[in-house]
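A.B. asks: Sequence isn't available, so here's the structure alone:
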């Protein structure tokens, strides 16, 4: 039996099972969460190409599945990435029960995770760009709700991903067919420009981040958290596979300089624009841009430690963003109806746990000491201050700006305008948020709980981690 | 007797005209009809250099996308009217001038071998340049989901005219066909939920 086929088949079955129950979010979220956990576990633990006996029959999990002349391959280079997507999905589907995004969330979310998993397994891996385009379509469905009239954020997302897909496919063809090497500088330059364009879209480098604030304003915050985790994680793994596969890319110093500059722009733009926002949803969007910038900065170091840090930050983002997304979704659900600019005033009195979740999520995304994002951010600052002090300083600037944002929102949340008795939030919602906050703190205080898995995860990328 | 060369030239001229009309027209049904005709010209151009099966599969995917749009228009017409962004001029005169200018640029770009393609007829490059440039113009002018969807399908068609020659594998043809249908489905969904009152319980 083919492991990639089983993974995709189980994903398809899970999607079909939840489809008739899409109005019952609690049920579908539970099914999806357990199913994603099982598939993630299978991906990590299945012994590939080794016979085993099951009910008296001798079986073997094959790592390859042939499809229309192409292959889906599950190997050491991608199984950690595939498992990561499903395990992150398990957590995120669980949170959907509380955050109440739209009713297509679970169904489309399962399919989107399956499509991202397929993008990791497809060979030649350049065709992953088409799968990412299909994932962007799923993202549009997850982000769109009937309540919001304007859907420009989702539409822009699809337009940009289409541009990105085209650029990466052409670059891939140049790389594969034209034999790009350091000895062919003209071809290498063309391929690099196209790849840079494609990955700028995938990484939301300004101005290609333009869909993010719009989508944040028009969608459920938890749906946005899910979509950004999905798309960004897929983009990071895709970029690392490119760097792992093509020698001339790894040896292209100018490319990594460019990545660091783009990352600094992201960190600067994200942090400063977040500071200027009055809407908490837009603050979330711009803090995310800044966080993506930090991940890209780690890749820009062009060192095994930097690549490991980038993957570690991608993993930590799942926890931080889930906590932030749930906090924001619940506080909006229970907020006292007032005028727009005062909507969260006094929220610390009537919705204290949601406020703590929001602040914890923001501080963790920013990489504040004692929060989950801190160990990775600190290690990156240490690396950069010796090699590229400007980049290191941009991270410190980001910390300062987001610190100021958090202080401002603490002032708003504690404002006595709408002071009142705490709203009775269901115990499950409270429990989920409290556990999330505790996790954010635990991973910040004990980084050894989270970062070692990264070493395992990247073991299959032989060129990046010799 | 019409030779293959004449068919290719007809297809390229047809692509230019349909690409321009998509920018100029406002009527939704007419836009979908023009898109369907454009798919015929795309298939014609691809069939001149590749086998008929690949051209036929692209045409079928295009027809499916058009059918999805038509169904969505039928289900939503009259329920809402979402205007275009007026930050950029959108009147007919502006659009005609813009289409003419962009067509000239596309004709110029079509003659340049930007990505080192060898052995590909200049008409193929011209067809690609026309659709890509006109779809960029279209996407720059509109925000409404269906128009954006038609712009994206035009862009993809232009890209595929050349890409299917350099990567004719069945898997890629199938995946790109899925992208066409997917874009139509997603934009159709957005179009339909725009016309629905959130309080309605009816499923889409």
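C.D. replies: Yes, it's here. Since the model is a prediction, treat every value here as computed from it, not as a measurement. Numbering: from 1, shown residues only, chains lettered A, B, ... in the order given.
A.B. asks: CA only for contacts and neighbour counts going forward, please
C.D. replies: Fine.
A.B. asks: Point out the residues in chain B that sit beside chain A.
C.D. replies: B:115, B:143, B:145, B:148, B:152, B:159, B:163, B:166-167, B:169-172, B:175-176, B:179, B:182-183, B:186, B:189-190, B:193-194, B:196-198 (CA under 8 Å from any CA of the partner chain).
A.B. asks: can you tell me how far the residue most central in space within chain B sits from residue B:192?
C.D. replies: In chain B, the residue lying closest to the centroid (CA atoms, centre = their mean) is residue B:154, at 1.9 Å. Using CA to CA, to the nearest Å, we find residue B:154 at a distance of 21 Å from residue B:192.
A.B. asks: go on, residue A:387?
C.D. replies: Counting by CA to CA, the gap from residue A:387 to residue B:192 is 53 Å.
A.B. asks: Pick out whichever of the two has more residues nearby.
C.D. replies: Neighbours per residue (other CA atoms under 10 Å in any protein chain shown) separate residue A:387 from residue B:192, with residue B:192 holding more: 21 against 12.
A.B. asks: Give me the contact list for the helix or strand where the more buried one lies.
C.D. replies: Per DSSP states H and E, residue B:192 falls inside helix B:170-194. Here helix B:170-194 makes contact (CA atoms under 8 Å, 6 or more residues apart in numbering or on different chains) with A:67-70, A:127, A:130, A:133-134, A:137, A:140-141, A:144-146, A:149, A:151, B:54, B:57-58, B:61-62, B:64-66, B:68-69, B:72, B:75-76, B:80, B:145-146, B:149, B:152-153, B:156, B:164, B:204.
A.B. asks: Mind doing that once more with 7 Å?
C.D. replies: A:68-70, A:130, A:134, A:137, A:141, A:146, A:149, B:58, B:61-62, B:64-65, B:68-69, B:72, B:76, B:145-146, B:149, B:153 (CA atoms under 7 Å, 6 or more residues apart in numbering or on different chains).
A.B. asks: Could I get the phi/psi values of residue B:111?
C.D. replies: Dihedral pair for residue B:111: phi -80, psi -10, per degrees, to the nearest 10.
A.B. asks: For it, give me its contacts.
C.D. replies: Going by CA under 7 Å, 6+ apart, residue B:111 touches B:122, B:126.
A.B. asks: Now do it against residue B:174, distance only.
C.D. replies: Residue B:111 sits 30 Å away from residue B:174, going by CA to CA.
A.B. asks: got it, and residue B:100?
C.D. replies: From residue B:100 across to residue B:174, the span is 34 Å (CA to CA).
A.B. asks: about what we covered before: average pLDDT across the helix holding residue B:192?
C.D. replies: The pLDDT scores in helix B:170-194 average 90.
A.B. asks: ok, and for it, which residues are buried?
C.D. replies: Residues of helix B:170-194 classed as buried under the neighbour-count rule (16 or more other CA atoms under 10 Å in any protein chain shown) are B:170-173, B:176-194.
A.B. asks: Check stretch A:225-242 too.
C.D. replies: Of the residues in stretch A:225-242, A:225-242 count as buried by neighbour count, 16+ other CA under 10 Å.
A.B. asks: Give me the residues contacting stretch A:175-182.
C.D. replies: Under CA under 7 Å, 6+ apart, the answer for stretch A:175-182 is A:187-188, A:191, A:248.
A.B. asks: How about stretch A:102-119?
C.D. replies: Applying CA under 7 Å, 6+ apart, the external contacts of stretch A:102-119 come out as A:8, A:11-12, A:15, A:18-19, A:22-23, A:25, A:28-29, A:32, A:82, A:85-86, A:93, A:128, A:131-132, A:135, A:138, A:142, A:145, A:234.
A.B. asks: how about the helices of chain B, start to end?
C.D. replies: Using DSSP state H, the helices of chain B run over B:4-24, B:28-47, B:52-76, B:92-110, B:122-141, B:145-166, B:170-194.
A.B. asks: what's the closest of those helices to residue A:163?
C.D. replies: helix B:145-166 (9.0 Å; CA to CA).
A.B. asks: What is the closest one packed up against?
C.D. replies: Other helices and strands packing on helix B:145-166, by 3 or more CA pairs under 7 Å, 6 or more residues apart in numbering or on different chains; DSSP states H and E, are helix B:28-47, helix B:122-141, helix B:170-194.
A.B. asks: Throw these into CSV and include distance to residue A:120, thanks.
C.D. replies: Formatted as CSV, the helices and strands packed on helix B:145-166 follow (distance: least, CA to CA, whole Å):
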stretch, distance to residue A:120
helix B:28-47, 30
helix B:122-141, 29
helix B:170-194, 15
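A.B. asks: The lengthiest helix in chain A: how far from the chain's middle?
C.D. replies: In chain A, with assignment by DSSP H, the single longest helix is helix A:304-334. Distance of helix A:304-334 from the chain centroid (CA atoms, centre = their mean, to the nearest Å) equals 8 Å.
A.B. asks: what's downstream of it, the next helix or strand?
C.D. replies: Of the helices and strands lying after helix A:304-334 in sequence (DSSP H and E), the nearest is helix A:347-350.
A.B. asks: any idea which helix or strand comes after that following helix?
C.D. replies: Downstream of helix A:347-350, the next assigned helix or strand under DSSP H and E is helix A:352-366.
A.B. asks: how far off helix A:304-334 does that following helix point, in degrees?
C.D. replies: Interaxial angle, helix A:352-366 versus helix A:304-334 (axes from the mean of the first three to the mean of the last three CA atoms, to 10 degrees): 160 degrees.
A.B. asks: before we move on, what SS does residue A:61 have?
C.D. replies: In three-state terms, and counting by DSSP: H, G, I helix; E, B strand; the rest coil, residue A:61 is strand.
A.B. asks: Quick check: residue A:9 vs residue B:194, distance?
C.D. replies: In terms of CA to CA, residue A:9 sits 33 Å off from residue B:194.
A.B. asks: Same question for residue A:245.
C.D. replies: In terms of CA to CA, residue A:245 sits 44 Å off from residue B:194.
A.B. asks: May I see the buried residues of the helix or strand that contains residue A:80?
C.D. replies: Using DSSP H and E, residue A:80 sits within helix A:79-99. For helix A:79-99, burial by neighbour count (16+ other CA under 10 Å) applies to A:79-99.
A.B. asks: how long is stretch A:270-282 from one end to the other?
C.D. replies: Note: stretch A:270-282 ends 10 Å apart using CA to CA.
A.B. asks: Okay, buried residues for it please.
C.D. replies: Those would be A:270-275, A:280-282, for stretch A:270-282 by 16+ other CA under 10 Å.
A.B. asks: Equivalent analysis for stretch A:160-178, please.
C.D. replies: For stretch A:160-178, a neighbour-count test (16+ other CA under 10 Å) marks A:160-175 as buried.
A.B. asks: State the mean pLDDT of that stretch.
C.D. replies: 88.
A.B. asks: Kindly report the same for stretch B:67-75.
C.D. replies: On average, stretch B:67-75 scores 91.
A.B. asks: Also stretch A:356-367?
C.D. replies: On average, the pLDDT along stretch A:356-367 is 92.
A.B. asks: Could I get the contacting residues of residue A:450?
C.D. replies: Residue A:450 is in contact with residue A:443, counting by CA under 7 Å, 6+ apart.
A.B. asks: Now do the phi/psi pair for it.
C.D. replies: According to degrees, to the nearest 10, residue A:450 has phi -110, psi -40.
A.B. asks: ok, now residue A:345?
C.D. replies: Phi and psi for residue A:345, reported as degrees, to the nearest 10, are phi -70, psi 130.
A.B. asks: So which bits of the stretch 1-150 of chain A are right by chain B?
C.D. replies: On the criterion CA under 7 Å from any CA of the partner chain, chain B has as its neighbours in the stretch 1-150 of chain A the residues A:68-70, A:130, A:134, A:137, A:141, A:146-147, A:149.
A.B. asks: ok, 10 Å please
C.D. replies: A:23, A:67-71, A:127, A:130-131, A:133-134, A:136-141, A:144-150 (CA under 10 Å from any CA of the partner chain).
A.B. asks: Give me the local confidence score for the residue of the stretch 251-400 of chain A found nearest chain B.
C.D. replies: As assessed by CA to the nearest CA, chain B sits closest to residue A:333 within the stretch 251-400 of chain A, at 16.4 Å. As predicted, residue A:333 sits at a pLDDT of 80.
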